[in-house]
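1. the following block contains a protein sequence and its predicted model.
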Amino acid sequence: MAIFTVFGNPVAHSLSPQIHQAFAQQIGVELNYTRSLTSASGFSRAVAKFFRSGGAGANVTVPFKQQAFELVTYVTTRAQLAGAVNTLVPLGYGQLLGDNTDGIGLVRDLQKNLQQTLANRDVVVLGAGGAARGVIAPLIEHGVASLTIANRSRERAANLVEQMADLKLRAFTFKQLTIPSGAIVINATSASLTGHEIPIENNELANAGCVYDMVYGAQPTAFMQQAQQAGVATVYDGLGMLVEQAGAAFQMWHEGAKLDTQKVIQKLRETIS
Ligand code: ATR
């Protein structure tokens, strides 16, 4: 039976095994998908051991995505632009291809599941860390009208904009931020993980057409609640992105697999609530 795993720390909470088992069932294959807890110093050894013992593919989650990027032999264009790898594909002879499916996961969730058009839309990404960087290029690729990065420290946002070198990109602090009317505002900071609000005034946030938090949970996240209090009617969490990025990774390992991701999202929603 083909063996897959997800490397992370912590990783015990990861829903990836459940998601990948559900996909496997949909296309009628059997697989074994485990969780691999590893340390920063043990990461590359753990990956090498896993693939030496016949691993068919692996995901990489926090905090090893950048380390995985450094480790692989080849990267896809989207992983190159993200500077991070969340999917490992063995090529034989100890060589690995690194991909990043986070951005396409977000785009598919927004467009396919939530019917939010990206073409000609103003988009605001909050945060300038790894999570933000992973989604910028795919958002631009899908024809957004403008993409504003807002971050606590301006320098980090400015650096990110400089690296991405796209005319549609702008960098601001939260204080300087003006949200275009009807924009999609995506929270890619880690503030929701710690239950912190983002320092954006209610009357500014109220301009958002919808708000998307890349974090998910049984209850609305801190940022979703903040947006609702500001009067934003449409707020989403990142459960759909989680399933869609997993679907795109699954398709790297099972080429051409047709997946019903919405069914899996629905099932997980029931499980976590
Ligand atoms: P990740 O890989 O999850 O993106 P990261 O690279 O450490 O993690 O980035 C965390 C992001 O969340 C950064 O944009 C950080 O802002 P700074 O660059 O100013 O540090 C942002 N962040 C973390 N806690 C925050 C908070 N309480 N309020 C606003 N932004 C926060």
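-> Perfect, thanks for sending it. All figures in this text were calculated on a predicted structure; none of them were measured in a lab.
2. which of the helices or strands spans Ile186?
-> strand 184-187 (DSSP states H and E).
3. tell me how far that strand is from the chain's mean position?
-> A distance of 13 Å separates the centroid of the chain from that of strand 184-187, by Cα atoms, centre = their mean, to the nearest Å.
4. quick check: what element follows that strand along the chain?
-> helix 202-205.
5. export that following helix as CSV, just CAs?
-> Output of helix 202-205 as CSV, limited to C-alpha atoms (Å, rounded to 0.1, in the frame of the first residue of the first chain):
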residue,chain,number,x,y,z
ASN,A,202,-14.0,49.3,12.1
ASN,A,203,-15.0,52.0,9.6
GLU,A,204,-12.1,50.9,7.4
LEU,A,205,-12.8,47.2,7.7
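6. quick one, phi psi at the residue in the stretch 1-150 of the chain positioned nearest to the ligand?
-> For the stretch 1-150 of the chain and the ligand, the shortest gap (Cβ to the nearest ligand atom) falls at Gly129, measuring 1.9 Å. Quick note: C-beta positions are derived from backbone N, CA and C, even for glycine. With angles defined as degrees, to the nearest 10, Gly129 shows backbone torsions of phi -90, psi -160.
7. the strand holding Ile186 pairs with which strands?
-> In the sheet, strand 184-187 lines up against strand 122-126 (parallel), strand 210-213 (parallel) (DSSP bridges).
8. can you show me the CA trace of the host helix or strand of Ala227 as PDB?
-> With elements taken from DSSP H and E, the one containing Ala227 is helix 222-230. Extracted C-alpha coordinates of helix 222-230, given in PDB (Å, rounded to 0.1, in the frame of the first residue of the first chain):
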ATOM      1  CA  ALA A 222     -10.900  36.500  16.200                       C
ATOM      2  CA  PHE A 223     -10.600  38.200  12.900                       C
ATOM      3  CA  MET A 224     -13.900  36.900  11.600                       C
ATOM      4  CA  GLN A 225     -15.600  38.300  14.700                       C
ATOM      5  CA  GLN A 226     -13.800  41.600  14.400                       C
ATOM      6  CA  ALA A 227     -15.100  41.900  10.800                       C
ATOM      7  CA  GLN A 228     -18.600  41.000  11.800                       C
ATOM      8  CA  GLN A 229     -18.600  43.600  14.500                       C
ATOM      9  CA  ALA A 230     -17.400  46.100  11.900                       C
END
